[in-house]
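Asks: below are the sequence and a predicted model; questions follow.
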Amino acid sequence: MKDLAHIYELEKLLQDTYNEAARSAKESGRYAIGSVCAMIPEPLLNLDGCFSVRLRAPGTGSLEMGTYYMTSIMCECARAILERALEGGYGYLDCIFAPDACAQMNRCVENIDKLKLCDNGRFFVTYADVPMKSDETALRHYVRQMKQYVLEPLHERLGIDTSDAALAEAVKRQNRLNRLIMEIGAYRREEKPRITGYEFAVLCLSTFVCPKEYMIPILEETLDELRGREPDAAGPYRARVVMAGSEIDDPDFIRLTEEAGAFVAADCYCLGSYPERTPIPFDEKEDALTQICRHYMEQGQCPRFMNTEKIRQRHQYVDALAKEYKADGIIYQQIKFCDYWGYERAYASEVMRGEYGYPVLSIDRPYTAGNAGQLRTRVQAFVESIEIKRLGKKGS
Ligand code: SF4
Ligand code: SF4
């Protein structure tokens, strides 16, 4: 297929922790808000006057300094982000809002704060408690925490308008972007998809690290382009998979998977499209913050949610995606030493295999795709096993 017009530009942006789009937003006087987890709703961080950037560490090599401060048994993602901060990669941030969701990431943020790695005279950090259950009591607590640890500091320290009207405007913008991503991603359902999982991952990830107004026209043009794009006559893929698990902030993992023969038809991980890019239901009947928090709480698929309904919901969610995107199997991946996904990957792999009948590949992986050569072999073997199963079905 012909290259998508914006793909090269976005690949280039993704190589940098302070990309051109963020740089120009900052130079125009807006505040750069660092975000480290899906549990702080993005519309709160993208009110007029500020924009959010999800922290990542592209092109990570050594983790020596991050490991020195955090020890080698901490998640590689948290260590890589600290390493990048120690190198000065996030000096432009005005604040970081961290939820008490992942303790390892919070240790990373604490180090960034205590070591004054973003010391621009204004920088501050807050930590908010976020729900582990999904019910009305948890929702009320979530709303209070977001008020106290996100909206109030934004207003008091940076002068941001955090009124209901301002929040409604931010949701509108977010939903415009979310719908575009979902429409683009829907082309992955086609038998001969006109977009690769890798291309989609580049587009989707860019929406987390660039200001929304920068991305919306790019997504609109890409959607137009896709409407007329001819898929390759014979796709190179031998199987279709749902990619689930811990956050993926490097599209090269998706590329590597597809090069090994598995088309990534749907994604269910942080910094992907499900659940983070599902549009936020919104009306005038209830205050904006409650509606936003409800959506993030109900849609969240993080293993931090530990009540039985949410545990079951995670499996049903992946099953529904597999059906909708016609997947032959599921890949559960987890960044090394991630506690949450360590247990969820093991448990969900068994459930999806045993109760739902999917072939499942379950892997832990290094943070960077460059160190994941073994993954290619594992995916190839997985694809072959799916093909054998398919042949067996035909023969019986
Ligand atoms: S997996 Fe959970 S804790 Fe980790 S970034 Fe996503 S929402 Fe946050
Ligand atoms: S991969 Fe797991 S341990 Fe690492 S930052 Fe994300 S949720 Fe935390």
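Replies: Perfect, thanks for sending it. Ligands and ions are numbered 1, 2, ... in the order given.

Asks: residues from this structure in reach of ligand 1?
Replies: Those residues of the chain that sit near ligand 1, judged by Cβ under 6 Å from any ligand atom, are C37, A38, M39, A101, C102, S246, E247, C270, C302, R304, Y340. Backbone N, C-alpha and C define where each C-beta goes, glycine included.

Asks: and the two most separated of those?
Replies: Maximum pairwise distance among the residues of the chain next to ligand 1 (Cβ to Cβ): 14.1 Å, between M39 and S246.

Asks: follow-up on the earlier one: can you redo the residues of the chain next to ligand 1 as JSON lines with pLDDT?
Replies: Shown next, in JSON lines, are these (pLDDT from 0 to 100):
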{"residue": "C37", "pLDDT": "97"}
{"residue": "A38", "pLDDT": "97"}
{"residue": "M39", "pLDDT": "97"}
{"residue": "A101", "pLDDT": "89"}
{"residue": "C102", "pLDDT": "93"}
{"residue": "S246", "pLDDT": "97"}
{"residue": "E247", "pLDDT": "97"}
{"residue": "C270", "pLDDT": "97"}
{"residue": "C302", "pLDDT": "96"}
{"residue": "R304", "pLDDT": "94"}
{"residue": "Y340", "pLDDT": "95"}
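
Asks: where does pLDDT dip in the stretch 251-396 of the chain?
Replies: Residues of the stretch 251-396 of the chain that meet the criterion pLDDT under 70 lie in 371, 395-396.

Asks: looking at it, which residue is nearest ligand 2?
Replies: C338 (3.0 Å; Cβ to the nearest ligand atom).

Asks: let me see the contact set for that residue.
Replies: Shown in contact with C338 (Cβ atoms under 8 Å, 6 or more residues apart in numbering): C75, C77, Q104, S246.

Asks: which residues of the stretch 251-396 of the chain lie near ligand 2?
Replies: Taking Cβ under 6 Å from any ligand atom as the contact definition, the stretch 251-396 of the chain meets ligand 2 at I335, C338, D339, Y340, W341.

Asks: helix or strand for V171, which one?
Replies: Using DSSP states H and E, V171 falls within helix 164-186.

Asks: tell me what that helix is packed against?
Replies: The elements that helix 164-186 packs onto, with contact taken as 3 or more Cβ pairs under 8 Å, 6 or more residues apart in numbering; DSSP states H and E, are helix 42-45, helix 197-209, helix 212-227, helix 288-299.

Asks: may I see these organised as JSON lines, with mean neighbour count and distance to A85 added?
Replies: Output for the helices and strands packed on helix 164-186, formatted as JSON lines (neighbours: other Cβ atoms under 10 Å; distance: least, Cβ to Cβ, whole Å):
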{"stretch": "helix 42-45", "mean neighbour count": "26", "distance to A85": "18"}
{"stretch": "helix 197-209", "mean neighbour count": "25", "distance to A85": "15"}
{"stretch": "helix 212-227", "mean neighbour count": "17", "distance to A85": "24"}
{"stretch": "helix 288-299", "mean neighbour count": "20", "distance to A85": "26"}
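
Asks: give me the nearest residue to the residue in the stretch 151-300 of the chain that ligand 2 sits nearest to, chain neighbours excluded.
Replies: As assessed by Cβ to the nearest ligand atom, ligand 2 sits closest to S246 within the stretch 151-300 of the chain, at 4.1 Å. Nearest residue to S246, sequence neighbours excluded (Cβ to Cβ, 6 or more residues apart in numbering): W341, at 4.0 Å.

Asks: after the helix or strand where that neighbour lies, next one along is what?
Replies: Using DSSP H and E, the element containing W341 is helix 339-354. Per DSSP H and E, the first helix or strand lying C-terminal to helix 339-354 is strand 360-365.

Asks: tell me how far V109 lies from K393.
Replies: V109 sits 49 Å away from K393, going by Cβ to Cβ, to the nearest Å.

Asks: report the beta-bridge partners for G245.
Replies: According to DSSP bridges, the residues that bridge with G245 are Y269, Q333.

Asks: quick one: pLDDT of it?
Replies: G245 is assigned 97 on the pLDDT scale.

Asks: show me the contacts for it.
Replies: Counting by Cβ under 8 Å, 6+ apart, G245 touches C268, Y269, I331, Y332, Q333, Q334, W341, E344, R345.

Asks: which one among those gets closest to S206?
Replies: Of all those, S206 sits closest to Y269, with 15.9 Å by Cβ to Cβ.

Asks: the strands in the chain, which residues?
Replies: Using DSSP state E, the strands of the chain run over 31-35, 50-54, 95-99, 124-128, 239-245, 262-269, 329-335, 360-365.
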